[in-house]
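Visitor: no sequence on hand, only this structure:
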């Protein structure tokens, strides 16, 4: 119980004695060589979250998601049979991108270059001027498929033609703990996207510990995530698994909403809130059953962060472009607003969350900029920052693998 | 350059008509721009006028499903979304912009936010 927690002791590194408390070296966050090793040894071998099933609810609907570090454009499409499939968005003829729109609906997929037509299951259906080709076997020249699987409505792909693990194996404890969580009840999302001048891992670390909140977000979120009893927002729980990290975050039960915030919260569950009533709480949230719980953070390797509050959720994805450039995409999910009150509340919740994230964004760019000076060569982590050490080590395990 | 919806508000909300041109903006990116670039006195004037009316606004608009709101009701909804945008400028930061923050136009909302 949070009320019995001693917020003044170290609790986490002692649970994971295999993790070093030594300072973190900065080379992996600046080195082009590291970036290339990550490109080769991480990204083609992991499960990557592309989107949700609600985005392509009907047969024929599709969306395209680029994975810049793999030079890939992935087409995710629901077939006439209702099945979701993913393909490389590349025509078999001369390699044009087949779908140019970010999302759409079609009964078949037609390449604009020479009119090749693919069925929604990827089969090459028709080749104009076919008799002029030489032994073109249509059956062998459909769209190149990509391993696809779905977990709780999230569509994942794996660019490895023979994934080392199934999606279920890959997600492990995270997948089990969140099994049955009603993500589908909150399908309406609001989205923001930025290109940050920052290494993808440094961006992720900005969201992998809670004690910066009382400083960086002192006005916007400090009173929600810290208190007199727990002044630095020490976490309720941190759980580290093979590749992933879980943090259950503290919320100040005495937090008072602002005037407009209080009015808004009559109409829905905010992304930034404290949930004290655990009596009817789903088993998939707040594992310590604390009355001082704000949200659960699931950091799924390599680049998907899934944050769960009571009644809503939000996620981030991070896509490396270069050693010091990253695309950062956030989506905030709510139940579809039925009326103006709910729409107003969602606007308030997303705007206030957005503004907190804007505070993070500038900080991350500033950090990367001066890290490149070489003035400092290490970071010093404290106990509540163990997830950063863990992520660093997971990356290095992948990168140091001699064979992939 | 985005302009406010110059339609009128529903009957009973004439007191807010003077804010429509500036603040009844259907797109989030335009509401962000208006909040970030307006003088604090204008933001405060809008906030002070809207807050005591918010209960009545929601009660009026909630009589219909969200998807049925059109014309004057839609304008009134847009005004309330603008209140959601400026609220933390008044209640948290005391200034129009978020201090020390990332440029909001580099973290823009998707068009789908406004659907």
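Guide: Cool, got the structure. Bear in mind the structure is a predicted one, so any value in this text is a computation, not a measurement.
Visitor: and residue A:353, its phi and psi?
Guide: Residue A:353 adopts backbone torsions of phi -70, psi -40, taken as degrees, to the nearest 10.
Visitor: dump the residue contacts of it.
Guide: A:271-272, A:314, A:332 (C-beta atoms under 8 Å, 6 or more residues apart in numbering or on different chains). C-beta: built from backbone N, CA, C; applies to glycine.
Visitor: pLDDT score for the residue nearest to the spatial centre of chain A?
Guide: By C-alpha atoms, centre = their mean, chain A has its centre lying nearest to residue A:304, at 2.1 Å. pLDDT, residue A:304: 98.
Visitor: report the beta-bridge partners for it.
Guide: For residue A:304, the beta-bridge partners under DSSP bridges are residue A:300, residue A:317.
Visitor: cool, and the one 4 residues further on?
Guide: Partner residues in beta bridges with residue A:308: residue A:296, residue A:313, with DSSP bridges as the criterion.
Visitor: that one touches residue A:181, doesn't it?
Guide: Yes - counting by C-beta atoms under 8 Å, residue A:308 does reach residue A:181; the two are 6.8 Å apart.
Visitor: which residue packs closest to residue B:47, ignoring adjacent ones?
Guide: Distance criterion C-beta to C-beta, 6 or more residues apart in numbering or on different chains; nearest residue to residue B:47, sequence neighbours excluded, is residue B:90 at 4.7 Å.
Visitor: also residue B:99?
Guide: Distance criterion C-beta to C-beta, 6+ apart; nearest residue to residue B:99, sequence neighbours excluded, is residue B:93 at 6.3 Å.
Visitor: sorry, back to before: part of a strand, is the residue nearest to residue B:47?
Guide: No - under DSSP: H, G, I helix; E, B strand; the rest coil, residue B:90 sits outside any strand and is assigned helix.
Visitor: hmm, back to that, quick one: the residue nearest to residue B:99 from residue A:145, how far?
Guide: Computed as C-beta to C-beta, to the nearest Å, the residue B:93 to residue A:145 distance reads 50 Å.
Visitor: residue nearest the centroid of chain B?
Guide: With distances taken as C-alpha atoms, centre = their mean, the residue of chain B nearest its centroid is residue B:82 (1.4 Å).
Visitor: is it true that it lies in a strand?
Guide: No - with three-state DSSP as the criterion, residue B:82 is helix rather than part of a strand.
Visitor: follow-up on the earlier one: tell me the one of the contacts of residue A:353 nearest chain B?
Guide: For the contacts of residue A:353, the residue nearest chain B by C-beta to the nearest C-beta is residue A:332; the value is 9.3 Å.
Visitor: so what's the residue with the largest distance to the centre of chain B up against?
Guide: For chain B, the largest distance from the centre (C-alpha atoms, centre = their mean) belongs to residue B:100, which lies 23.4 Å off. Residue B:100 makes contacts with A:359, A:362-363, as judged by C-beta under 8 Å, 6+ apart.
Visitor: apply 7 Å and report the result again.
Guide: A:359, A:362 (C-beta atoms under 7 Å, 6 or more residues apart in numbering or on different chains).
Visitor: what's the answer for residue B:91, then?
Guide: A:258-260.
Visitor: element containing residue B:55?
Guide: According to DSSP states H and E, residue B:55 maps onto helix B:54-61.
Visitor: give me the distance from that helix to the chain's centre.
Guide: 14 Å (C-alpha atoms, centre = their mean, to the nearest Å).
Visitor: what is it packed up against?
Guide: Contacts defined by 3 or more C-beta pairs under 7 Å, 6 or more residues apart in numbering or on different chains; DSSP states H and E place helix B:54-61 against helix A:340-371, helix B:71-88.
Visitor: just grab the bridge partners of the closest residue to residue A:297 other than its chain neighbours for me.
Guide: Nearest residue to residue A:297 in three dimensions, chain neighbours excluded: residue A:247, at 4.4 Å (C-beta to C-beta, 6+ apart). Counting by DSSP bridges, residue A:247 forms beta bridges with residue A:238, residue A:297.
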